[in-house]
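Visitor: take this sequence and fold it.
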Amino acid sequence: MFRLNGNLGLCGAHRTGKTTLAIALAERLNIPFVRTTTSQVFATLGLDPAEPMDFDTRLFVQNHVLDAAEQVWKNSSSPFVSDRTPIDMIAYTLGDIQGRTEVNFTQLNNYIDRCFTSTNQFFQKLAIIQPGIPLVYEEGKAALNAAYIEHINVLIVGLCSDRRLNLPVIICDRANLDLETRIQSITSCKFQN
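Guide: As a prediction, this is how the structure comes out:
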């Protein structure tokens, strides 16, 4: 039987089934599921996550998203499963930077360092959930664009190999689309650093 020693974070792009999988894993492992509130943060700030943002606005929002997530994680019992990690937050921040985007690199680097520190603090294992399930539109969610979702996925995979991340990560096979298969792939995997 798979035993979770510490908190498990599912990371990946939006619309990949992370929340559904996190709920199912929590039930299977008999531990709490901790839902993050990214959509709620955007709504509170009066912003639409599917709309383009300039760099300053994106960083402002992402810091609020991280603040809200850290508060939820701090208030949770351990171990738990969460449907989002600060790694996702870095990927979305980087995903919005285009060739002509004006970027304050000091602020960006500070935010990225904060996200890695937070990931190492709140999680002991990460599982990357890759795209593949059918895309379904849902109001208040990020853009439903397969290429954008793939872009975020590639960023997350790369970020999970960064030396600043000090915990084991598995990458779930993108061919595993069935919920039970996804659960088995995580619970039967030996996490490696």
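
Visitor: okay, CA-based contacts and neighbour counts for the rest of this
Guide: Will do.

Visitor: what is the helix or strand of the chain with the lowest mean pLDDT packed up against?
Guide: Here the helix or strand of the chain ranked lowest by mean pLDDT, DSSP states H and E is helix 38-44, holding a mean of 90. Contacts defined by 3 or more C-alpha pairs under 8 Å, 6 or more residues apart in numbering; DSSP states H and E place helix 38-44 against helix 55-74.

Visitor: which outside residues touch the helix it packs on?
Guide: 34-38, 41-42, 45, 86, 89, 93, 96-97, 101-103, 108, 111, 115, 118, 122 (C-alpha atoms under 8 Å, 6 or more residues apart in numbering).

Visitor: from those, which land in strands?
Guide: V34 (DSSP state E).

Visitor: which of the contacts of helix 55-74 are buried? Put it as a ChimeraX command.
Guide: Provided next is the ChimeraX selection string for whichever of these are buried by 16 or more other C-alpha atoms under 10 Å:
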select :34,35,36,37,38,41,42,86,89,93,96,108,111,115,118,122
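
Visitor: low pLDDT regions in the protein?
Guide: Within the chain, the stretches with pLDDT under 70 are 1-3, 136-143, 190-193.

Visitor: one more time with 80
Guide: Along the chain, the model assigns pLDDT under 80 to residues 1-4, 50, 77-78, 133-144, 189-193.

Visitor: got the CA coordinates for the least confident helix or strand of the chain in PDB?
Guide: Output of helix 38-44 as PDB, limited to C-alpha atoms (Å, rounded to 0.1, in the frame of the first residue of the first chain):
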ATOM      1  CA  THR A  38      -6.700  30.800  -8.100                       C
ATOM      2  CA  SER A  39     -10.000  31.500  -9.900                       C
ATOM      3  CA  GLN A  40     -11.400  33.200  -6.700                       C
ATOM      4  CA  VAL A  41      -8.300  35.400  -6.500                       C
ATOM      5  CA  PHE A  42      -8.700  36.600 -10.100                       C
ATOM      6  CA  ALA A  43     -12.400  37.200  -9.400                       C
ATOM      7  CA  THR A  44     -11.600  39.100  -6.200                       C
END
